[in-house]
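Visitor: predicted model follows, preceded by the sequence.
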Amino acid sequence: MVAPFITFEGIDGCGKSTQLRLLASALRLRGMEVCVTREPGGTPLGARLREVLLEADEQVDPLAELLLFAADRAQHVRALVQPALQSGRVVLSDRYADATVAYQGAGRGFSAAFVEEVVTLATGGLMPDLTLVIDLPVAESRARAQRRRRNGLELDRLDAEDTTFHERVREAYLQLAAREPERIRLIDAAGAVEETHARVLEIVIPFLEVWSSESKI
Ligand code: TMP
């Protein structure tokens with residue numbers, strides 16, 4: 001691909017969406033063309049799937065859930081991510097394939113091999129060039145999610161899962177980062193938003209310099 005594909009991951013309430021927005025502004029200030037997107041919901045079809053996935057008031061079967069996230073991703077990759085990368089825009093996505101490994105694999109209990117098969121089908125093999133896992137202990141992220149609720153934002157279906165579910169998801173992200181240290185970088189988000197942003201820049205700016213020195217941009 002012409003431009004790099006960067007994803008943000010982490011448990012609910014970790015602050016990754018804020019960090020993604022700050023990074024997008026910082027890159028635009030440096031004159032880069034940036035495409036900001038998210039999963040689920042990066043395309044018009046995806047926005048409808050997001051509603052179905054996160055706001056359903058019926059019991060959603062775990063396999064149906066897995067396949068709906070995959071459908072969202074298949075559309076996202078083909079309609080938005082690949083065209084943006086081909087046109088030279090840096091793509092920043094709030095969640096991608098690693099979320100399925102963490103939430104549907106570790107969280108819901110699907111086997112790693114099955115999740116990988118579904119993920120590969122949906123992505124066509126397109127993986128991020130860099131993934132930032134914004135890491136926060138579950139207790140702290142729960143507290144942030146509670147504050148979000150007090151500010152009038154409802155918790156969605158997965159936010160509302162119990163603490164052990166979120167512990168499994170966090171553990172899965174830590175394991176992914178240990179397994180793929182080149183692509184997946186852990187960022188400690190326990191401090192202030194600005195401190196975390198500085199850590200993000202410390203990783204992303206050198207990464208982009210290497211990318212452009214290899215004249216991929
Ligand atoms: P968000 O709150 O980060 O926008 O993410 C929406 C929720 O969807 C979040 O609880 C994580 C969940 N999710 C999965 O369970 N599997 C996936 O593949 C993706 C992309 C998100």
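Guide: Yep, it's here.
Visitor: point out the residues in this protein that sit beside the ligand.
Guide: 12, 38-40, 54, 69, 94-95, 99-100, 103-104, 158-159 (CB under 6 Å from any ligand atom). Backbone N, C-alpha and C define where each C-beta goes, glycine included.
Visitor: please indicate which of those are buried?
Guide: 12, 38-40, 54, 69, 94-95, 99-100, 103-104, 158-159 (16 or more other CB atoms under 10 Å).
Visitor: can you name every helix or strand that the longest helix belonging to the chain contacts?
Guide: Secondary structure of the chain per DSSP state H: the longest helix is helix 193-213. If contacts are counted by 3 or more CB pairs under 8 Å, 6 or more residues apart in numbering; DSSP states H and E, helix 193-213 sits against helix 16-29, strand 130-135, strand 184-188.
Visitor: before we move on, the earlier item: among the buried ones among the residues of the chain next to the ligand, which lie within helices?
Guide: Residues of those located in helices (DSSP H): 54, 69, 99-100.
Visitor: list the buried ones in stretch 39-49?
Guide: 39-43, 45-46, 49.
Visitor: okay, and the helix or strand of the protein with the least pLDDT?
Guide: For the chain, counting by mean pLDDT, DSSP states H and E, helix 138-150 ranks last in confidence among helices and strands (a mean of 82).
Visitor: the inter-axis angle of it versus strand 130-135?
Guide: Here the directions of helix 138-150 and strand 130-135 differ by 90 degrees (axes from the mean of the first three to the mean of the last three CA atoms, to 10 degrees).
Visitor: report all helices and strands that helix 138-150 contacts.
Guide: Judged by 3+ CB pairs under 8 Å, 6+ apart, helix 138-150 is in contact with helix 163-179.
Visitor: what mean pLDDT does the helix it packs on get?
Guide: The average pLDDT within helix 163-179 is 97.
Visitor: likewise for stretch 198-214?
Guide: Averaged across stretch 198-214, pLDDT comes to 96.
Visitor: could you list the buried residues of that stretch?
Guide: For stretch 198-214, the buried set under the neighbour-count rule, 16+ other CB under 10 Å, comprises 199-200, 203-204, 207-208, 211.
Visitor: what's the farthest-apart pair in those residues?
Guide: For the buried residues of stretch 198-214, the maximum inter-member distance is 19.0 Å, found between 199 and 211 (CB to CB).
Visitor: how close does the residue most central in space within the chain get to residue 5?
Guide: In the chain, the centroid-proximal residue (CA atoms, centre = their mean) is residue 95; its distance is 1.6 Å. Applying CB to CB, to the nearest Å, the value for residue 95 to residue 5 is 13 Å.
Visitor: which ones among the buried ones among the residues of the chain next to the ligand map onto strands?
Guide: Those of these mapping onto strands are 38, 94, per DSSP state E.
Visitor: what's the closest of the buried ones among the residues of the chain next to the ligand to residue 171?
Guide: residue 103 (12.1 Å).
Visitor: who's in contact with the closest one?
Guide: 158, 169 (CB atoms under 8 Å, 6 or more residues apart in numbering).
Visitor: for this protein, give me the ranges with low pLDDT.
Guide: 1, 149-155, 215-217 (pLDDT under 70).
Visitor: please redo it, this time with the cut-off set to 80
Guide: Applying pLDDT under 80 to the chain flags the ranges 1, 145-160, 215-217.
Visitor: picking that back up, which one of the helices and strands packed on helix 193-213 is the most hemmed in?
Guide: A comparison of the helices and strands packed on helix 193-213 by mean neighbour count, using mean count of other CB atoms under 10 Å, puts strand 130-135 on top with a mean of 23.
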